[in-house]
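Chemist: Sequence plus the predicted model coming up.
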Amino acid sequence: MTEEVMGSSAAMAEPSSDGASVTGSRRRTTKNARSYGDDVLTDRQPRITDLVPRRYSILFVGLFAGLTVVAGLEAAYLYLPQWAAVTSDGQLAAVDLEAEGSLANWFSSMTLALAAVVAAIIFSLRRHRQDDYHGRYRVWLWAALLWMTMSVDESASLHEGFKELASHFSGQRGYGDGSIWWIAGYGLVFAALGTRLFLEMRCCRLSSTALVAGVGCYVAAVAAKIGVVPELHGTYAVMAEEGCEMLGNVLLLFSMATHARYTILDAQGALSTKAKKAAKAKSEKDAAAEPRKEPSSKSQAAAEPVKRSWFGGTTVDAAHAAPPAPAAKTLESSKAGGKSASKPAAHRATADEGGSATRTARKQPAGSAEDDDDFETDRRLSKAERKALRRQQDRPRPGE
């Protein structure tokens, strides 16, 4: 029985004619085939920073599109009574600026959400800046959270619930219908975060200007909300409030997109090169326009320092006049110095004529040795000059 089982197993494992082993359950070899091309790979996909426009033309086209939408919604609300008259219930909530589910609320919510996304992109770039030792980049994270909160508020009316809770616990409505509570809350947050954000964005004039304009639109919307301008009432008051609010949202998104472009170019090193070229061209233009002034004397030119900075913090003095070169010593001046020695040694043994110059210099008097050293700094004496100098030193002087 065992032999039959072994024989059947060997028969199943016999190689076939093409050399492959035949088993009881043949395995089907499958090859993984790619259904997409190489363009789907990660390194070929656009990055999130590539979605930020680099050209001002695209940014201004987007701004114009946003302003067109705001103007269209305002015009639709102005003709709302004529359109609502043909409906069964007499309402058209899609274009009603006061309705919670209107196109105006959806547009404002989407605009603020995009502003939050762009602020998060700026945060992801700014946190890698090397000279930000105090961590000022964190303001962009707080800005992204605030814009997202405002986006949710547009669609869920969080400020209305906050108004009712604050009025209930305080026991008073305050100024108007109680809207002063959420206005005060938003005002404190905007005052703290907006000031810090403006200081961060002041390097880009266009983005900071758009931010200030957007805040001005928000202030105008609040003024129309609480009835600061009594001339506005009814339909025009609602149009002023909602129109200024939507315009502020559009300007806020434009400000974030413009500063995101500035941050990306700054990270790539494109802005610094342009700034250096512009500063260099301006300095060359100013130098060519100003007449060249020659100093009256070398001392006056050396006394005036040359400023190397626009702010005067670092100054570099001009090159001073070179000191006069020392006069070269000659053999006659060395001999005269030897004669003017105060007390030369009268009797001192001298070395042989064939001795070295160093040994001879050691046995010379103090005054002459100093003169020889000074002389040797310029030129070494020849053998004949050393002999003449020794004879002169050994010669007795009158009065000794």
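Modeler: The structure has been received and is ready for your questions.
Chemist: where does the protein dip in pLDDT?
Modeler: Along the chain, segments meeting pLDDT under 70 span 1-31, 90, 176, 272-283, 286-287, 289-379, 398-400.
Chemist: those strands in it, which residues are they?
Modeler: Ranges of strands within the chain are 306-307, 315-316, based on DSSP state E.
Chemist: can you give me the end-to-end distance of stretch 84-103?
Modeler: The first residue of stretch 84-103 is 16 Å away from its last residue (Cα to Cα, to the nearest Å).
Chemist: if you go through the stretch 151-300 of the chain in chain order, where are the helices?
Modeler: Listed in chain order, the helices found in the stretch 151-300 of the chain under DSSP state H, counting those that start in this stretch are 158-170, 180-201, 205-225, 235-267, 270-289, 298-303.
Chemist: Tabulate the ones you listed (TSV), appending distance to Ala144.
Modeler: In this view, the C-beta of every residue, glycine as well, is placed from N, C-alpha and C. As requested, the helices of the stretch 151-300 of the chain are exported to TSV (distance: least, Cβ to Cβ, whole Å):
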stretch	distance to Ala144
helix 158-170	17
helix 180-201	11
helix 205-225	14
helix 235-267	9
helix 270-289	23
helix 298-303	57
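Chemist: Can you give me the domain assignment for this structure?
Modeler: Domain assignment of the chain by automatic domain parsing yields the ranges 48-272, 331-394.
Chemist: And those: which comes nearest Gly37?
Modeler: Taking Cβ to Cβ, domain 48-272 is the member of the domains of the chain nearest to Gly37, at 19.6 Å.
Chemist: still on that earlier bit, can I get the domains of the chain in JSON lines including mean neighbour count and distance to Glu284?
Modeler: Conversion of the domains of the chain to JSON lines gives the following (neighbours: other Cβ atoms under 10 Å; distance: least, Cβ to Cβ, whole Å):
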{"stretch": "domain 48-272", "mean neighbour count": "16", "distance to Glu284": "19"}
{"stretch": "domain 331-394", "mean neighbour count": "14", "distance to Glu284": "48"}
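Chemist: Export the ones you listed as a markdown table, with columns for distance to Asp39.
Modeler: Compiled in a markdown table, the domains of the chain are given as follows (distance: least, Cβ to Cβ, whole Å):
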| stretch | distance to Asp39 |
| --- | --- |
| domain 48-272 | 15 |
| domain 331-394 | 79 |
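Chemist: And Asp96, how close does it get to Tyr79?
Modeler: Relative to Tyr79, Asp96 is positioned 12 Å away (Cβ to Cβ, to the nearest Å).
Chemist: Let me fix that, I meant to ask about His159.
Modeler: Taking Cβ to Cβ as the measure, His159 and Tyr79 are separated by 28 Å.
Chemist: Tell me which of the helices of the stretch 151-300 of the chain sits nearest to Ala84.
Modeler: The stretch from the helices of the stretch 151-300 of the chain with the least distance to Ala84 (Cβ to Cβ) is helix 235-267; that distance is 12.5 Å.
Chemist: Can you name every helix or strand that the closest one contacts?
Modeler: Contact analysis of helix 235-267 by 3 or more Cβ pairs under 8 Å, 6 or more residues apart in numbering; DSSP states H and E lists helix 56-78, helix 103-126, helix 205-225, helix 270-289 as its packing neighbours.
Chemist: For Glu385, which of those helices is the nearest?
Modeler: helix 270-289 (58.0 Å).
Chemist: Including distance to Ala191, could the helices and strands packed on helix 235-267 go into a markdown table?
Modeler: Written out in a markdown table, the entries for these read as follows (distance: least, Cβ to Cβ, whole Å):
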| stretch | distance to Ala191 |
| --- | --- |
| helix 56-78 | 26 |
| helix 103-126 | 18 |
| helix 205-225 | 10 |
| helix 270-289 | 30 |
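Chemist: Among those, which comes closest to Ser35?
Modeler: Here helix 103-126 is closest among those (Cβ to Cβ), at 31.1 Å.
Chemist: and that closest one, what other elements does it pack with?
Modeler: Counting contacts by 3+ Cβ pairs under 8 Å, 6+ apart, helix 103-126 packs against helix 56-78, helix 138-156, helix 235-267.
Chemist: pretty sure Leu92 contacts Pro81?
Modeler: No: under the contact definition of Cβ atoms under 8 Å, Leu92 does not touch Pro81, with a separation of 9.5 Å.
Chemist: Spit out the residues that contact the two alike.
Modeler: Both Leu92 and Pro81 lack any common contacting residue under the criterion Cβ atoms under 8 Å, 6 or more residues apart in numbering.
Chemist: got JSON lines for the helices and strands packed on helix 103-126, with distance to Ser35 too?
Modeler: Written out in JSON lines, the entries for these read as follows (distance: least, Cβ to Cβ, whole Å):
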{"stretch": "helix 56-78", "distance to Ser35": "34"}
{"stretch": "helix 138-156", "distance to Ser35": "37"}
{"stretch": "helix 235-267", "distance to Ser35": "34"}
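Chemist: Many thanks, have a good one.
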